[in-house]
Structures are given as C-alpha cells and as structure tokens.
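Peer 1: return atomic coordinates for the entry below.
(one chain, ligands or ions: 2)
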Amino acid sequence: EANEMILAIETSCDETAAAVVQGGTTLLSNVVATQMDIHEKFGGVVPEVASRHHIEQMTVVMEQAMTEADVSFDDLDAVAVTQGPGLVGALLVGVNAARAIAFAHDLPLIGVHHIAGHIYANRLEQPFEFPLLSLVVSGGHTELIYMDGHGQYDVIGETRDDAAGEAYDKVAKALNLPYPGGPQIDQLAQTGEETYQFPRSYLEEGSYDFSFSGLKTSVINTLHHKRQKGESIDKANIAASFQASVIDVLVDKTFQAAQDYGVKQLIVAGGVSANQTLRKRLRDRFADSDIAVHIPPLYLCTDNAAMIGAAASIQYHQGDVADFDLNANPGLMM
Ligand code: KG4
Ligand code: ZN
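Peer 2: Ligands and ions are numbered 1, 2, ... in the order given. Okay, the predicted model is just below:
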C-alpha cells in the first residue's frame, strides 16, 4: 500500500535519531538527540564517544518517536536504518537496534544510504519531478547527483579532497570557533565583507568535480601569517571571504550541470544546505530559469531519521529489502 508506515533510525555520526514516516511523504514524528555539546569540548566528533552516546540514547529516542507518532509496533510495515556511510561504531548501534525490532516483530528491514536520505528529505516537502539534479553538501560529501527516476543515482561530480562542510569546520577551527563550524561561519559572514581574495577552484573545463582543500589551506596560511606578524584577525571578513569562494563554485557548477542535463528540479541536500547565503545565492541564480529550486527547511537539512524513512519508502515499494544479517558499511557506495 502507498500508506506504508516506516520506523526509521539514523546514527551515522553524532545525532541519535528516530522517526515515523507514512507513505514516504508524511512525517508523523521526528526525534533527534544531538551530541553536539559533548563533541564541542573535543573540537570534533570523537567516534568512540559517539557510539557510547548512541547506545544510551537509542531506545529512548525510538520510544519517543513511536509515542509522538501515536503508533505501536503492530502498525509498522517496515524498519529502516542508515547502513552507511558514516562512523562504523556509530552506524552499528542503529543497525543493531533496527535488526532487533525487525526480527522481533517480523518486519522487513531496509538499509538506507545516508546520502539517499539527505536527498529524500526534500520529498517530505515537495514531490520529485524527473529528471532532477541534487546538490549534496554535507560534512562528508559534496556531490552533484543526476536522477531520472526514484532510487536512480548518477554521481556526475564530487569533491576530490575535502567536503564543503569539512572545509567549513576546518576553517572554523583555525578561527578558534566552536564545533561545528559551519553555522558559526554562516553567522559571522553575515556581518563581514569580502576583503580577501581566496582561490576558487574550478578544475578542468567542463568538470563537475569540486576541490576545497586549496581554499582551506589558503585561509589557514593567511591566519598563520597574520598571527606571526601580530596582526589582529577580522574573523567576520575572513569568514565572508572564505564563504564567498565556496559558494561561488558551488552555485556556478550546480547551475552549469542543471543546464547541461536539462533537469526540471534542483534539490539541495545535506548539512551545508542550512547555510543562509548558499540558499539565497542558489535561489537567485535559478530565478530566471525554468528549473525549480527546492531546499529543505533547516530541521531536515542536518542529520535526522525522517529523511531515512522517506528514502526507505522508495526501497520498500521497489522490494529492496535487506536480510536480518544486514551490517553497517562505513564506506557504502551510492
Ligand atoms: O549532513 P550533516 O548534518 O552531517 C553529515 O552527514 O556530514 O552535515 C554536517 C555539516 C557540518 O560540516 C556542518 O558544519 C555543516 O554541515 N553545516 C553548515 C551549516 N549548518 C551545518 N555549514 C555551513 N552553514 C551552515 N549553516
Ligand atoms: Zn548527513
């Protein structure tokens, strides 16, 4: 039936999340327990600490998702979980919880790719129209993915080094800003100006790939020289200049690919799509085109389980279910 009820679980990084999604598009509950305050003390995610907290939170979060959705296990049609990519010890907690529930209640088990989840977060807000292009920008991924049908992912461009979110986090760290750095730089950049000319890497003519490590190094070197000379550091201007470089490249390449592939929709996904300037710049660039731009609300941009449930719905209808011995796969390919 198109109204299938899925309990979805996501534990790939530092959010313990569970959600109940009906028919792939209706969100009945969406619970996220973040560990950000814990990892902030370390300046980044400590994998073993993440696993331990997932273990503590998993059952509580799952129970809350079921209660808020007002459903019992008997109402479920499937259990879905992020299989990868991510931190293996973190993924295992969610995978084991999902396996136990699927086994105990004799439900189909669905293993979901984390990035498919980010993409399908958009379908909780808007129907997909194919062909579409998805720009995925997260802490671990920067990809342009062409889709001509549900569950059909053709990666046409990706980062050759750092992911966009990774560059944000590393530059933020160099600016002594707390983890995670993306939102901090987003905020700071609003009050700054582009007074520095940092590099923009477009790679070979016609390539849809990205590279952000040169930019990151350039910012870090600039900070290093300033500190050595005892000059004061105008964090807001550095943030604005760094961000302008990232966003120029993201917007230019995405627009070019969308035109070249003649898509109907642009779907933006992943934690960095929470960025205010990126959201605005993408909307502005596509405003005069006949390509519709969809960017999820902030709570669906960063890691959550609702997106896993939305992606799982497609797999459920395509019969793409896993065996009960489903294992976490930290390097899962799209
Ligand atoms: O998708 P996500 O929650 O987790 C991964 O799958 O990686 O993305 C997290 C990344 C982090 O690098 C974080 O700094 C970045 O998204 N991020 C942002 C913003 N909010 C989160 N980057 C720029 N601007 C933001 N507002
Ligand atoms: Zn993510």
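Peer 1: can you give me the strands in the stretch 201-334 of the chain?
Peer 2: Listed in chain order, the strands of the stretch 201-334 of the chain (DSSP state E, counting those that start in this stretch) span 265-269, 292-294.
Peer 1: which neighbours in the sheet does the longest one have, and how are they oriented?
Peer 2: Sheet pairing for strand 265-269, assigned by DSSP bridges, gives strand 132-137 (parallel), strand 292-294 (parallel).
Peer 1: ok so, going back, between the strands of the stretch 201-334 of the chain, which one is nearest to ligand 2?
Peer 2: strand 265-269 (8.6 Å; Cβ to the ion). Where C-beta positions appear, they are placed from N, C-alpha and C, glycine not excepted.
Peer 1: what about residue 152, how many neighbours?
Peer 2: 12 (other Cβ atoms under 10 Å).
Peer 1: may I see the buried residues of stretch 28-36?
Peer 2: By neighbour count on 16 or more other Cβ atoms under 10 Å, the buried set for stretch 28-36 is 28-33, 35.
Peer 1: closest to ligand 1 among the residues you listed?
Peer 2: residue 32 (10.1 Å; Cβ to the nearest ligand atom).
Peer 1: contacting residues around the closest one?
Peer 2: 15-17, 61, 299, 303-305 (Cβ atoms under 8 Å, 6 or more residues apart in numbering).
Peer 1: so what's it bridging to?
Peer 2: With DSSP bridges applied, residue 32 shows beta-bridge pairing to residue 17.
Peer 1: so how far is residue 87 from it?
Peer 2: 17 Å (Cβ to Cβ, to the nearest Å).
Peer 1: ditto for residue 9
Peer 2: For residue 9, the distance to residue 87 - Cβ to Cβ - is 15 Å.
Peer 1: ok, the two, which is more surrounded?
Peer 2: Counted by other Cβ under 10 Å, residue 9 and residue 87 do not tie: residue 9 has more neighbours, with 29 against 23.
Peer 1: double-check that the more buried one belongs to a helix.
Peer 2: No - under the criterion used here (DSSP: H, G, I helix; E, B strand; the rest coil), residue 9 is strand, not part of a helix.
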